[in-house]
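[1] Sequence first, then the predicted structure, then my questions.
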Amino acid sequence: MTAKRFFCITGLVWLASVTALQAQDAAPLDSDAVFADAQSLEVDEAQARAEFRSLDEDVQSLKKEVLDLNRDLFLLEEELLFPANSQVAFFISMDVGEYFDLDSVNLKIDGKEVANYLYTQREVDALLRGGVHRVHMENLKVGDHELVAVFTGEGPHVRDYRRGATISIGKGIGAKYVELEITDRVRKQQPEFVIQEWE
Amino acid sequence: MKGLKTYLLGAALSIFAATSLASSSLVGQAAPDFVLKSSSGENMRLSEHRGDVVMINFWATWCGPCRQEMPLLDDLYSRYQRVGFTLLGVNIDDDSRRAMQMIEELGVNFPVLFDERKEVSQLYEVEAMPVTVLVDREGNVRHVHHGYKPGYEENYLTEIRSLLRE
């Protein structure tokens, strides 16, 4: 082997070893960075998850509050408009109807007109078949109130018929239901108008 | 002077437009239900005619175009009644006896209802006479016509036929 060749090979070997040494030194630095990056990513993810969870909880609790409020408002509205303890409802019902063909009903409470309902033939048929019509609903204070019901229609012998009935309603605590019934009184060959309270 | 005329014309047009819009706002809405006494003595409720095409014509005895229009409406009623068309004439006179007299003079056959309290005409935002409202089979207002001029009945015919075909 010539000296020249010896020195070339030695140089190459020396170069290779220096390069290997440098690579060894560099390797530990990259893996540290990767590890640190990975760690910080995990931390970020955990933080994001925690934030999301707390946001989600906030939204859920807001939703629940809104639903609760909605329910409370609905109940309040009902209580304000038709408080159960001052509610009074009036119903019309009819019996056989041989002596009276109903045309209209007019209701007055304490002198004030509160309802004036015209009945079509279909509605009268429904009443004759046993239907009951809620003609009016109102709130009344506790105490005595006068109800005047005027029934207009066709009476016996196809003559116009107009008849009134009066009742004093004693309103206490609690809802009240009043039925205005039109029945046939065969003995007198006349219709009869009965106002009664449901227990 | 010219400016004043223009101003007055503009004001008149805008009032007319506003009143037209008042009833026209019902188009597309459910026709407000009502019950009135009819010329035959029966009580008639609009919702009981659901399933028919219904024309509601608001009129008064003091209204000249109403007098002109009614016989033509009666023709429409006679022609299409048997295929699901109903015409309800709503009279708004204070005294229904004058309306009954006019019905007999004109010889109309369609039901005439009496709105002496003007409650129904208020529901339908009627501010001028006559007003003709067309309601489809599902109870929705589809057309509203204000006033009457000869030739309007052609539009009614087209609209009625179109609604009957639905």
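    Arrived safely, thanks for sending. Numbers count the residues shown, from 1 in each chain, chains lettered A, B, ... in the order given.
[2] if I pick the closest residue to chain A within chain B, what's in contact with it?
    Nearest to chain A in chain B, going by Cβ to the nearest Cβ, is B:N43, at a distance of 4.2 Å. All C-beta spots, glycine's among them, are computed from the backbone N, C-alpha and C. Applying Cβ atoms under 8 Å, 6 or more residues apart in numbering or on different chains, we find B:N43 in contact with A:103-104, A:118-121, B:35-37.
[3] just these now: which is nearest B:D75?
    Minimum separation from B:D75 among the contacts of B:N43 (Cβ to Cβ) is found for B:L36, which lies at 23.6 Å.
[4] pLDDT score for the residue of chain B closest to chain A?
    On the pLDDT scale, B:N43 is placed at 95.
[5] Sketch out the low-pLDDT regions of chain B for me.
    B:1-23 (pLDDT under 70).
[6] Recalculate using a threshold of 80.
    Chain B contains residues with pLDDT under 80 at B:1-24.
[7] Where do the strands of it begin and end?
    Counting by DSSP state E, chain B has strands at residues B:35-38, B:43-45, B:53-59, B:85-91, B:112-114, B:131-135, B:141-146.
[8] How is chain A partitioned into domains?
    Domain assignment for chain A by automatic domain parsing gives A:1-81, A:84-198.
[9] And these, which one averages the lowest pLDDT?
    domain A:1-81 (a mean of 78).
[10] list the contacts for B:P111?
    Residues in contact with B:P111 (Cβ under 8 Å, 6+ apart) are B:38-40, B:44, B:86-89.
[11] Could you single out the nearest of the residues you listed to B:D74?
    For the contacts of B:P111, the nearest to B:D74 is B:L87 (8.0 Å; Cβ to Cβ).
[12] The closest one: how many residues sit nearby?
    25 (other Cβ atoms under 10 Å in any protein chain shown).
[13] what is it paired to in the beta sheet?
    Beta bridges link B:L87 to B:M55 when assigned by DSSP bridges.
[14] Touching, it and B:M55? I think so.
    Yes. B:L87 lies in contact with B:M55 (Cβ atoms under 8 Å); the separation is 4.7 Å.
[15] between those two, what contacts are shared?
    B:73, B:76.
[16] Near A:A89, how many other residues are there?
    So A:A89, with other Cβ under 10 Å, has 16 neighbours.
[17] Tell me the spacing between B:S96 and A:L69.
    Noted for B:S96: a distance of 52 Å to A:L69, by Cβ to Cβ, to the nearest Å.
[18] what does chain B put close to chain A?
    Applying Cβ under 8 Å from any Cβ of the partner chain, we find that chain B lies next to chain A at B:35-37, B:42-45, B:48.
[19] Of those residues, keep whichever come out buried.
    Listed as buried from these are B:35-37, B:43-45, B:48; burial here means 16 or more other Cβ atoms under 10 Å in any protein chain shown.
[20] Quick check: the two most widely separated of the residues you listed?
    Maximum distance among these (Cβ to Cβ): 14.3 Å, for B:K37 and B:E48.
[21] so which residue of chain A comes closest to chain B?
    Nearest to chain B in chain A, going by Cβ to the nearest Cβ, is A:L118, at a distance of 4.2 Å.
[22] Return the set of residues that bridge with that residue.
    On the basis of DSSP bridges, A:L118 takes part in beta bridges with A:S104.
[23] Can you verify my assumption that it contacts B:K37?
    Yes. At 6.6 Å, A:L118 counts as touching B:K37 under the criterion of Cβ under 8 Å.
[24] thinking again about what came up before, nearest to A:M94 among the contacts of B:N43?
    A:Y119 (9.6 Å).
[25] tell me the contacts of B:L36?
    Contacts of B:L36 by Cβ under 8 Å, 6+ apart are A:118, B:43-44, B:90, B:113-115, B:120.
[26] okay, the strands of chain B in CSV with distance to A:Y99 next?
    As requested, the strands of chain B are exported to CSV (distance: least, Cβ to Cβ, whole Å):
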stretch, distance to A:Y99
strand B:35-38, 22
strand B:43-45, 20
strand B:53-59, 35
strand B:85-91, 31
strand B:112-114, 27
strand B:131-135, 37
strand B:141-146, 41
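[27] Quick check: the residue nearest the centre of chain B vs A:G172, distance?
    By Cα atoms, centre = their mean, chain B has its centre lying nearest to B:N57, at 2.0 Å. For B:N57, the distance to A:G172 equals 51 Å [Cβ to Cβ].
[28] And B:L157, by the same measure?
    For B:L157, the distance to A:G172 equals 62 Å [Cβ to Cβ].
[29] can you pull out the helices in chain B?
    Per DSSP state H, chain B carries helices over the ranges B:2-24, B:64-80, B:96-106, B:119-123, B:152-165.
[30] Can you list the neighbours in contact with the shortest one?
    Under the criterion Cβ under 8 Å, 6+ apart, residues B:32, B:34, B:36, B:58, B:90, B:92, B:113, B:115 lie in contact with helix B:119-123.
[31] Can you go through the residues you listed and name the buried ones?
    Using 16+ other Cβ under 10 Å as the burial test, the contacts of helix B:119-123 include B:34, B:36, B:58, B:90, B:92, B:113, B:115 as buried.
[32] how about those, which pair is most distant?
    Across the buried ones among the contacts of helix B:119-123 (Cβ to Cβ), the longest gap, 12.6 Å, separates B:F34 and B:I92.
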